[in-house]
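Asker: What follows is a predicted protein model with its sequence.
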Amino acid sequence: MTASGFEIILSDLSGVQTAGAVIIGIGVLCAVVILSGRLAAGLRKKRAADTDTPRPPQVAVDSIAGTRKYQQDKAVFGIAVHKDRTERFAVVCDGMGGMQQGERASGYCCERLAQRIKEERDWDQTPEFLCGAIEEISGEIYRFSDDTGERADCGTTVVAAVVCDNRLFWASAGDSRIYLFRGGRLNCLTRDHNYALQLKEGLLAEDFSNSTETKGMEEALISYVGMEEIAIIDVNADEMSLNKGDILLLCSDGVTKLLPDEDIEATIKRNIERRPREIAGSIVEASAKRRKKFQDNTTAVVLKIN
């Protein structure tokens, strides 16, 4: 082999090495392009997933004491973090009882139920869990004593809503209410647990309202938290799906005794683009404007589904 031949070989090898470098460079470029494409696709999928994944509801409360000496309405909302999910919840209680006993009962029920909702459980066990928790709290309030050591004889209504990934479970005892506003229409999810309910369902004689002893008692409660054995607890056994734009309203009877459902609906419609705090405030304000001589404690909690 001549020196020149060797040089040619080296030159050929040099060309191959150069070509190899170019090929490798193109390969890296292709890899970068492929990876960039995959990254962009991944980001698009993530954005789509973020869009599809329900955002937590916005929650706010507004409340006034009215003309009462004591504020016996209580409300609480918060977050319950479980091992496989995060829940948002809200509770409204309207206390009953002499002096400050009603305030004591409603405050205790709100606080205890909020604590219980944060306990670990499976999501699909929530209806049974809420029933059990409310039954226990009812017994605890029943055993309250006053300053003299006598049984305090107080109680409270309760409504509770628990939301996870735009799925809803709720519970109710008494005559506080939960409403769902959807598509411009307002629907009440709960029943008032009073004698009027029993009349409606045919559980009482038709002359109940006309009897001298029972006249005017239609709104008297037949179930509330604070009974030794609570009579009725309503829950939705199957979870309810919530849609973007839905509004949940939890309220005491300070709202519903002054505002008929159509007026609550109209108030929400007028304020639908506003924040939950402003929607709740508009409902309480509308109730206050309707008062005559007496204004009950009035409370509204609004959850706006995103």
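Answerer: Received the coordinates, thanks. This is a predicted model, so every value here is computed, not measured. Numbering: from 1, shown residues only.
Asker: does residue 255 sit in a helix or strand, and which one?
Answerer: Taking DSSP states H and E as the criterion, residue 255 maps to helix 253-256.
Asker: Which residues does the helix or strand following that helix contact?
Answerer: Next along the chain after helix 253-256, taking DSSP H and E as the criterion, comes helix 261-270. The contact list for helix 261-270 (Cβ atoms under 8 Å, 6 or more residues apart in numbering) reads 179, 181, 184-186, 188, 247, 249, 255-256, 259, 279, 282-283, 286. Every C-beta, even on glycine, is put in place using the N, C-alpha and C of the backbone.
Asker: Pull out the buried residues from the helix or strand that helix 261-270 is followed by.
Answerer: Using DSSP H and E, the helix or strand that follows helix 261-270 in sequence is helix 276-290. Going by neighbour count (16 or more other Cβ atoms under 10 Å), the buried part of helix 276-290 is 276, 279-284, 286-287.
Asker: Ok, stretch 142-153 next?
Answerer: 142, 144, 146, 152.
Asker: Pull the distance from that stretch to the chain's centre.
Answerer: Mean-position distance between stretch 142-153 and its chain equals 32 Å (Cα atoms, centre = their mean, to the nearest Å).
Asker: Now do that stretch: distance from first to last residue.
Answerer: With Cα to Cα, to the nearest Å applied, stretch 142-153 spans 7 Å between its terminal residues.
Asker: for that stretch, what is the average pLDDT?
Answerer: Across stretch 142-153, pLDDT averages out at 90.
Asker: now do stretch 284-297
Answerer: 86.
Asker: Send me that stretch as CSV with only the CA atoms.
Answerer: Extracted C-alpha coordinates of stretch 284-297, given in CSV (Å, rounded to 0.1, in the frame of the first residue of the first chain):
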residue,chain,number,x,y,z
VAL,A,284,-79.7,38.2,53.0
GLU,A,285,-80.3,41.8,52.1
ALA,A,286,-83.4,40.9,50.1
SER,A,287,-84.7,39.0,53.1
ALA,A,288,-84.0,41.9,55.5
LYS,A,289,-85.9,44.3,53.2
ARG,A,290,-89.0,42.1,53.5
ARG,A,291,-89.1,42.1,57.3
LYS,A,292,-92.1,43.7,59.0
LYS,A,293,-91.8,44.1,62.7
PHE,A,294,-89.6,41.1,63.5
GLN,A,295,-86.5,39.9,61.7
ASP,A,296,-85.2,36.5,62.5
ASN,A,297,-81.6,35.4,62.3
